[in-house]
Structure formats: structure tokens, C-alpha cells
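Visitor: sequence and predicted model, in that order:
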Amino acid sequence: MPRRSPRRAIALVVASALALAPVAPVPLAQAADAASSRTPVYGVTPPAPPAPVLPPVAPNALPDLGDASQALLSPAQERKLGEAAVQQLRAAGGWMNDPEVNDYLNELGHRLIAASKDVKSDFEFFAVPDPGINAFALPGGYVGVNTGLILLAQNESELAAVLAHEITHVTQHHVARMIEGQKDSMLMTLAGLALALLAARSSSAASGDIVQGALMASQAAAIQSQLNFTRDNEYEADRIGFQRLDAAGFDVTAMATFMERLQRAVRFTEGNAPNYLRTHPVTYDRIAEAQARAQNHPYRQHADSLDFHMVRALLRSYVGDARDAVAYFDDALAEHKYNNEIAAHYGLVASLLRAKDMARARKELAKLEQMAPPHPMVEAIAGHVLLDSGDLPGAIKRFETALARYPAKMQLVYDYPDALIQANRFADAAAFTERQIDRFPHDGPLHQIAARAYAGLNKQLMQHRHLGEYYAWQGDLKGAVTQFELAAKANDGDFYQASVVDTRLRALRREVAEQQKTGFAKQG
């Protein structure tokens, strides 16, 4: 057997395994707050994740992942496992609810997928609000990228190289093989490892002790060595990922360049290597092979998209204090220290929104609009400047006009009904969100906005139904059941609406019962 080298971080493996552990339900008293809260807006630093709350695990009630003789999990099992893992990440604050960033990652990722011939499953790419350098693949086509890695990438081809590598781990079923091969030992220590993952994201002073205790209790050091991908998996992901990068038209030298940058990072971290290096060990052999592959291809210069630069500027506007963010972009523009001037002006406007300096935000927005080509991110931030400046009618008109041109941009899809709700146009907001939910039925934030709109109309059945869907999207199945039970008791809907609620409630109860059967439902 080939020697195993450190490959996949506990965060990746446990996130996959966490599909088997439900999120603790949200107390009913918090339902009104959840329904009335707004989706994330410009200028708001992504919140810190909540303290981890994990259910106890019945040691002798391990979920059935299939016959041990099966070489792989089925595609349906992989998708379900990955979907539930993402739900756990959302509940733990590990999923960045920023549609501008997630839209871009999906556009970039699907460009790579469109150039491939071996992709037979759906993919979803999302950002993780973490300054650490990391990326990971989950079963079923889910790929997470830390904001720190996006900021580290110096060009779009480098970021694409990371996504191409992670896509290959999914298409080659590396994660599924790992889980199938190690399922017994992994699940026995799931609770302790899950606590370590979530506690590691906590900013509390005690989080270090929590992590250490959880890892010791679950014998994580021994388990980690069993959960690593083989060296062959890494080389395969490099080789096929390179082919994806090439087929999609990116600069193929970027893979080796990014590996070298990661390797150099080790020299300045005094043993505290970035997560991506611990989970994706970069060796001289891997770098040499990536360089050799690139040398055998004609040089291709890839021009970075404006979206790449603007997303990085938006993420940079979230870093540190709002005043520091403004100063950063002021200095960059004054000294011409930027890769893209339009993106630098965009980042300045986003920082000014965060600093609530609306007078200057309007002034800088005017400069941005003069130099920028038509772009949905400019339209969205312009609407927010109007909104935060008190011009609600102007913001609504701006969002409405932008949606006619960019109907699939989720930032605008969220912003428009949110502005309508602020204008007390609840019926218009409800009608719009229902049409969007028909297009994006599994979009949790849309259900949350719909719940707010129906709350304004005092339509309790629809309010609780959509809030229930939002909780289910987060993985809080018990909370979702509670909301659907309230919807069933509301008696203010028609026969069709009541039938939908009843059918969905039965399905959710079956899911909760399955969790309890496997021993992973929250006790009490």
C-alpha cells in the first residue's frame, strides 16, 4: 500500500461526516427574530459563528452507510451526505451568506465544469467566512473556499486552479472512498471531532481548551491518520485538475505558481502552516510535475475578469475596522497600488457603507459609475447607497431596473423584496419572492424574506411555512417541524396551501424520526 501523507483536515472530513448529526433546534422564541432579520447587506462584516451546540451520540447506533463490500457510496448517498454537511456548516457560521461572493464562485466553478466531460453531478460552490487559507470538497459536489484563500490568490487562474483540484476530488469520488473505507472508526468518534471543528471556529478564549479536550476525548490524532487521502489521490487531483484548467482557457502555470506561494508561506508561519497546506501538502515533486505539465503547453495569458477583482475588493472591505478598510482603499488609490482601479473604487464605496459615511459614499459612487462598465455589482451597491441614505423609493427603482437586466443575480433578487418590505409594500414583496422561489426552490434566504413579507401581511400559515423551510435549509429539522405545525394550526390559508403544509410536515417528521432512529437526534 502507498504510504499515506497528511491530506484532509479534520474540518473537511468532519464536515462530511456531520451529515449524520442534526443541528440543535432554534427555540420558538427566536422564530420572530429570525423572520424579521434582514439578509446580509453591504458594509456589514460577516458575523462570528455561534458557539457550537452538538447533540449527544448514541455509541451503538451508527447510521447505515451501506454494505461494507460496496466500493463507493451511491450518488444519492453522496449528495445527501454533502447536503447535510453544508447545513451543519451554515448552522455553525461556516457558510458565508454573501450572494456576490457565492455567485462569483459558482460562475467560476461552473466554467471549469462546462469545459469538462467527466462531470455527472451538480456542483455548488460557496465561501467560508474565515481568513485562513483553505478550500475543501464535500461529497455530492459541494466545494467550500475560505475568504482568506480568495484574497491570497493573485490572479483568477490561481483561484481556478484550486477549484479545479477540488472538483476532481468529487468527480473521482475521493471523499466517498475515504468515508466508505473508514466509516466505522470515523463515526465512533464523530461527536468529539465535530465539537473540535465547531469550537475551532469560536472566538471565545476557552475555544482552545474545548478543541484540545474534544480531540483528546475522541483520539483525534489516531483518527486523523486514518482519514487522510492517499498520495495518489493528490496527484490524480493535480493531473485532472490541470486538464480542467487548460480546457477552460486559464493560465496553466497558475497551479504551480500557487503551490509555490503556499510552500513559501510555511517559512513565515513558524510551524503554524495554513490549513490548506496541512490538508493539501505541497511537495517539491508536485510542484515539479505541475511545472512540467505547464511547460509542455503553449503559453496562454488569461485576463482576469472584473468580477474577480471586485469580489476580492468586497472581501477586503470586510477586513478589520471600518475606518481601517476605508484607509486601505484610500491609500491604494492615492498611491496607485491596485490591480484594478474600478475594483479599488468599488471596495472604497463598500468600506464607506460599512463606516456609514453616506455623504462620501455617494460621492465615490459617482466616480465609480463614471469609470465602470455596466455591471450588476455596481448596480447593487448603488441601490444600497440610496437605501442607506434614506432614499427608499430611489433604491427600489434602482433595484427594479437592475433586475430587468440581471434577473439571475442573487444580490439583487434579495435586495429588491427587502427594500419593498422596508417600504411596507408587503404584498409586492410576497408576490416577488414567490416567483423567485419557483425559480430557486431550495434557496433558504428567499424563504426567510418571504416569511418577513407574510408576517407584514399577518398571514400566519404562509409566514410559518416559509420560516420552516428556512430552518430546514439550515438543517434545523425540529425547528422546521415546529414552524410547520404552527402553519397547520393557523387556519388562514386556502385548501391548496394547507395541503402543501400537511405534506411537507409529514416529510419533515419522517426525516426527524430517521435521525432519532440512527441515534443522532438531539435528546431532550
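Guide: Looks like it arrived, so ask away.
Visitor: nearest the geometric middle of this protein, what residue?
Guide: When the chain is reduced to its mean C-alpha position, the nearest residue by Cα atoms, centre = their mean turns out to be residue 126, at 3.1 Å.
Visitor: tell me which element that residue is part of?
Guide: Taking DSSP states H and E as the definition, residue 126 sits inside strand 124-128.
Visitor: the helix or strand just after that strand - contacts with which helices or strands?
Guide: Downstream of strand 124-128, the next assigned helix or strand under DSSP H and E is strand 135-138. Counting contacts by 3 or more Cβ pairs under 8 Å, 6 or more residues apart in numbering; DSSP states H and E, strand 135-138 packs against helix 10-17, helix 75-91, strand 142-146, helix 156-171, helix 174-188. All C-beta spots, glycine's among them, are computed from the backbone N, C-alpha and C.
Visitor: run the angle between the fourth one and helix 75-91 for me.
Guide: So that's helix 156-171. Orientation note: helix 156-171 sits at an angle of 130 degrees relative to helix 75-91 (axes from the mean of the first three to the mean of the last three Cα atoms, to 10 degrees).
Visitor: let the chain start at 37 from now.
Guide: New numbering, starting at 37: the last item is helix 192-207.
Visitor: list the buried ones in helix 192-207?
Guide: By neighbour count on 16 or more other Cβ atoms under 10 Å, the buried set for helix 192-207 is 192-207.
Visitor: give me the element residue 378 is part of.
Guide: Using DSSP H and E, residue 378 falls in helix 377-390.
Visitor: list the helices and strands that helix packs on?
Guide: Against helix 377-390 (3+ Cβ pairs under 8 Å, 6+ apart) you get helix 342-353, helix 358-370, helix 394-407, helix 412-424.
Visitor: just put the ones you listed in a markdown table and tack on mean pLDDT and distance to residue 324.
Guide: Below are the helices and strands packed on helix 377-390 laid out as a markdown table (pLDDT from 0 to 100; distance: least, Cβ to Cβ, whole Å):
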| stretch | mean pLDDT | distance to residue 324 |
| --- | --- | --- |
| helix 342-353 | 98 | 28 |
| helix 358-370 | 98 | 36 |
| helix 394-407 | 98 | 43 |
| helix 412-424 | 98 | 39 |
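Visitor: list the buried residues for stretch 286-299?
Guide: Buried-residue list, stretch 286-299, by 16+ other Cβ under 10 Å: 286, 287, 288, 289, 290, 291, 292, 293, 294, 295, 298, 299.
Visitor: then stretch 345-360?
Guide: So for stretch 345-360, counting by 16+ other Cβ under 10 Å, buried means 345, 346, 347, 348, 349, 350, 351, 352, 353, 354, 358.
Visitor: mind checking how far the last one is from residue 488?
Guide: When distances are taken as Cβ to Cβ, to the nearest Å, residue 358 and residue 488 turn out to be 26 Å apart.
Visitor: could you do residue 213 as well?
Guide: With the distance defined as Cβ to Cβ, residue 213 ends up 43 Å from residue 488.
Visitor: who's more crowded, those two?
Guide: Taking other Cβ atoms under 10 Å, residue 213 and residue 488 do not tie; residue 488 has more neighbours (24 against 16).
Visitor: specify the angle between the helix holding residue 378 and helix 342-353 in degrees.
Guide: Using the same axes, to 10 degrees: helix 377-390 against helix 342-353 is 30 degrees.
Visitor: contacts for helix 377-390, please.
Guide: If you take Cβ atoms under 8 Å, 6 or more residues apart in numbering as the criterion, helix 377-390 is touched by 78-81, 342, 345-346, 348-350, 352-354, 358, 361-362, 364-366, 368-369, 374, 394, 396-397, 400-401, 403-404, 407-408, 413-414, 417, 420-421, 424.
Visitor: how far does that helix sit from its chain's centre?
Guide: Relative to its chain's centre, helix 377-390 lies at 23 Å (Cα atoms, centre = their mean, to the nearest Å).
Visitor: how about that helix: buried residues?
Guide: Using 16+ other Cβ under 10 Å as the test for burial, helix 377-390 gives 378-390.
Visitor: check stretch 538-553 too.
Guide: For stretch 538-553, burial by neighbour count (16+ other Cβ under 10 Å) applies to 540, 541, 544, 545, 548, 551.
Visitor: turn these into TSV, including distance to residue 428 and secondary structure.
Guide: What follows is those, written out as TSV (distance: Cβ to Cβ, whole Å; DSSP: H, G, I helix; E, B strand; the rest coil):
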residue	distance to residue 428	secondary structure
540	34	helix
541	37	helix
544	37	helix
545	42	helix
548	41	helix
551	44	helix
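Visitor: which one of the residues you listed is nearest residue 282?
Guide: residue 551 (43.8 Å; Cβ to Cβ).
Visitor: so the closest one touches residue 513, yeah?
Guide: Yes: between residue 551 and residue 513 a contact is recorded at 6.9 Å, counting by Cβ atoms under 8 Å.
Visitor: could you list the low-pLDDT ranges of this protein?
Guide: Along the chain, segments meeting pLDDT under 70 span 37-108, 212, 215-266, 301-319, 554-560.
Visitor: what is the burial count for residue 155?
Guide: Look at residue 155: counted by other Cβ under 10 Å, it has 18 neighbours.
Visitor: helix, strand or coil for it?
Guide: coil (DSSP: H, G, I helix; E, B strand; the rest coil).
Visitor: any idea how far residue 177 is from it?
Guide: 8 Å.
Visitor: got it, and residue 271?
Guide: Taking Cβ to Cβ as the measure, residue 271 falls 22 Å from residue 177.
Visitor: more neighbours, those two?
Guide: A count of neighbours by other Cβ under 10 Å puts residue 177 above the other of residue 271 and residue 177, at 23 against 14.
Visitor: can you pull the buried residues of stretch 527-541?
Guide: Buried residues in stretch 527-541 (16+ other Cβ under 10 Å): 529, 533, 534, 536, 537, 540, 541.
Visitor: which helix or strand contains the fourth one?
Guide: Put plainly, it is residue 536. Judged by DSSP H and E, residue 536 forms part of helix 531-554.
Visitor: that helix vs helix 111-127, what angle?
Guide: Going by the same axes, to 10 degrees, helix 531-554 is angled at 90 degrees with respect to helix 111-127.
Visitor: for helix 531-554, packing partners?
Guide: Secondary-structure packing of helix 531-554 (3+ Cβ pairs under 8 Å, 6+ apart): helix 496-510, helix 513-526.
Visitor: any idea how far the longest one is from the chain center?
Guide: Which is helix 496-510. 21 Å.
Visitor: direction-wise, compare it with helix 513-526 and give the angle.
Guide: Using the same axes, to 10 degrees: helix 496-510 against helix 513-526 is 170 degrees.
Visitor: measure residue 497 to residue 510 for me?
Guide: The spacing between residue 497 and residue 510, counted by Cβ to Cβ, is 21 Å.
Visitor: neighbours of residue 333, how many?
Guide: Using other Cβ under 10 Å, the number of residues around residue 333 comes to 12.
Visitor: for it, which non-adjacent residue is spatially closest?
Guide: residue 288 (5.4 Å; Cβ to Cβ, 6 or more residues apart in numbering).
Visitor: which strand or helix spans the one you found?
Guide: Using DSSP H and E, residue 288 maps to neither a helix nor a strand.
Visitor: go on, the one 5 residues further on?
Guide: Element membership of residue 293 [criterion: DSSP H and E] is helix 290-303.
Visitor: any idea of the angle that helix forms with helix 192-207?
Guide: 90 degrees.
Visitor: put the alpha carbons of helix 290-303 into PDB.
Guide: The C-alpha coordinates for helix 290-303 follow below in PDB (Å, rounded to 0.1, in the frame of the first residue of the first chain):
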ATOM      1  CA  ALA A 290      -1.000  29.200 -12.200                       C
ATOM      2  CA  MET A 291      -1.300  25.800 -10.500                       C
ATOM      3  CA  ALA A 292       2.500  25.500  -9.900                       C
ATOM      4  CA  THR A 293       2.700  29.200  -9.000                       C
ATOM      5  CA  PHE A 294       0.100  28.900  -6.300                       C
ATOM      6  CA  MET A 295       1.700  25.800  -4.900                       C
ATOM      7  CA  GLU A 296       5.000  27.700  -4.600                       C
ATOM      8  CA  ARG A 297       3.300  30.600  -2.900                       C
ATOM      9  CA  LEU A 298       1.800  28.200  -0.400                       C
ATOM     10  CA  GLN A 299       5.100  26.500   0.200                       C
ATOM     11  CA  ARG A 300       6.800  29.800   0.900                       C
ATOM     12  CA  ALA A 301       4.100  30.600   3.400                       C
ATOM     13  CA  VAL A 302       5.400  27.800   5.600                       C
ATOM     14  CA  ARG A 303       8.700  29.700   6.100                       C
END
